[in-house]
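Chemist: pasting the structure only:
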């Protein structure tokens, strides 16, 4: 495989933009392409998921983690410096669609070379000792196909569990739901590497034969445009969420494309229709109300 140089970026929005650029533009006639990256702490949703159902509202409120959405389906995942992400872009063929073995076996074999025994389950996750260390998802434009996934080395599992745990109130949506799984950090069973960065270098040596693909200045300009005009926007991160209904403390909020379409509460609410259902927006709106803090806690 040819290694794509992402300039060691840990920006989740930039790395997602690179993936989309690669799958839409690479010529994969002769060989597959590989990108390996480590993101700063972030929550990454599948394309067809509701952010309000998948992410614990504490993390929608506190801004501690970047919120992002990818072009592939599947479930919501947590990334940080202890998690290695792999992306493989290959020429499209029908037999590669949902054929996760084609894309995951190189990862499993590489782990085997490091003395770590892993296998796939029927959900296409990679397991070690019966617990999930990697989930995968795909996207294709029928020119190329992208398959990407995670490898947990020493991620903060306490934060992972907290940001993806169910909210203590009712959230309904017809969106794609994440499948909850027991997870494992490979550091718990192997001392072969001291960090995800060392694991990344091992993957490079095993899979890419040190052949590199460099994006041109024109390519980078397009990647940065995708990051700024798509992956960092409210419309993509929140607005892609399917219609969602939130019932909290006697208040009902209905949201479509990230905007409030209906609201009713046990206390009188100001007009909210058409307002972004996003914490900072609502805080700015309600801070002028005499009981703004109470309203905010009722609504979000």
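Modeler: Received the coordinates, thanks. This one's a predicted model, so the numbers in the text were calculated from it and none came from an experiment.
Chemist: wait, residue 98 sits on residue 138?
Modeler: Yes - between residue 98 and residue 138 a contact is recorded at 7.0 Å, counting by C-beta atoms under 8 Å. Every C-beta, even on glycine, is put in place using the N, C-alpha and C of the backbone.
Chemist: These two: which is more packed in?
Modeler: residue 138 (22 against 11; other C-beta atoms under 10 Å).
Chemist: Can you give me the domain boundaries for the chain?
Modeler: Segmentation of the chain into domains, based on automatic domain parsing, reads 2-237, 244-299.
Chemist: Mean pLDDT added to those domains, as TSV?
Modeler: What follows is those, written out as TSV (pLDDT from 0 to 100):
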stretch	mean pLDDT
domain 2-237	96
domain 244-299	94
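Chemist: looking at those domains, which is buried most?
Modeler: Mean neighbours per residue, mean count of other C-beta atoms under 10 Å, is largest over those for domain 2-237, with a mean of 18.
Chemist: how far is that one from where the chain is centred?
Modeler: 7 Å (C-alpha atoms, centre = their mean, to the nearest Å).
Chemist: Would you mind measuring the gap between the ends of it?
Modeler: End-to-end distance for domain 2-237: 30 Å, by C-alpha to C-alpha, to the nearest Å.
Chemist: Repeat that for stretch 160-175.
Modeler: Start-to-end, stretch 160-175 (C-alpha to C-alpha) is 21 Å.
Chemist: Give me the residues contacting it.
Modeler: 43, 48-50, 52-59, 65, 76, 78, 178, 183, 241-249 (C-beta atoms under 8 Å, 6 or more residues apart in numbering).
Chemist: got the contact list for residue 26?
Modeler: By C-beta under 8 Å, 6+ apart, the contact set of residue 26 is 33, 89, 144, 213.
Chemist: Can you say which two of those are spatially most distant?
Modeler: 144 and 213 (13.4 Å; C-beta to C-beta).
Chemist: So residue 245: helix, strand or coil?
Modeler: Residue 245 carries the three-state label strand when classified by DSSP: H, G, I helix; E, B strand; the rest coil.
Chemist: What strand or helix carries the closest residue to it other than its chain neighbours?
Modeler: Distances taken as C-beta to C-beta, 6 or more residues apart in numbering put residue 172 closest to residue 245, at 4.5 Å, once the chain neighbours are dropped. Applying DSSP states H and E as the criterion places residue 172 in strand 170-173.
Chemist: who does that strand pair up with?
Modeler: Note on strand 170-173: by DSSP bridges, its sheet partners are strand 244-248 (antiparallel).
Chemist: Tell me which residues are up against the partner strand.
Modeler: Residues from elsewhere that reach strand 244-248, judged by C-beta under 8 Å, 6+ apart: 50, 52-53, 169-173, 175, 252-256, 298-299.
Chemist: Which two of these have the greatest separation?
Modeler: Using C-beta to C-beta, the two most remote members of these are 175 and 298, lying 23.7 Å apart.
Chemist: Is residue 173 bridged to anything, and to what?
Modeler: residue 244.
Chemist: What separation is there between the closest residue in space to residue 130 that isn't next to it in sequence and residue 231?
Modeler: Spatial nearest neighbour of residue 130, chain neighbours left out: residue 182 (7.7 Å); criterion: C-beta to C-beta, 6+ apart. Distance, residue 182 to residue 231, by C-beta to C-beta, to the nearest Å: 30 Å.
Chemist: Tell me how far residue 214 lies from residue 146.
Modeler: To residue 146, residue 214 is 19 Å away according to C-beta to C-beta.
Chemist: same deal with residue 112?
Modeler: Distance of residue 112 to residue 146, computed by C-beta to C-beta: 24 Å.
Chemist: And for residue 293?
Modeler: Residue 293 sits at a distance of 44 Å from residue 146 (criterion: C-beta to C-beta).
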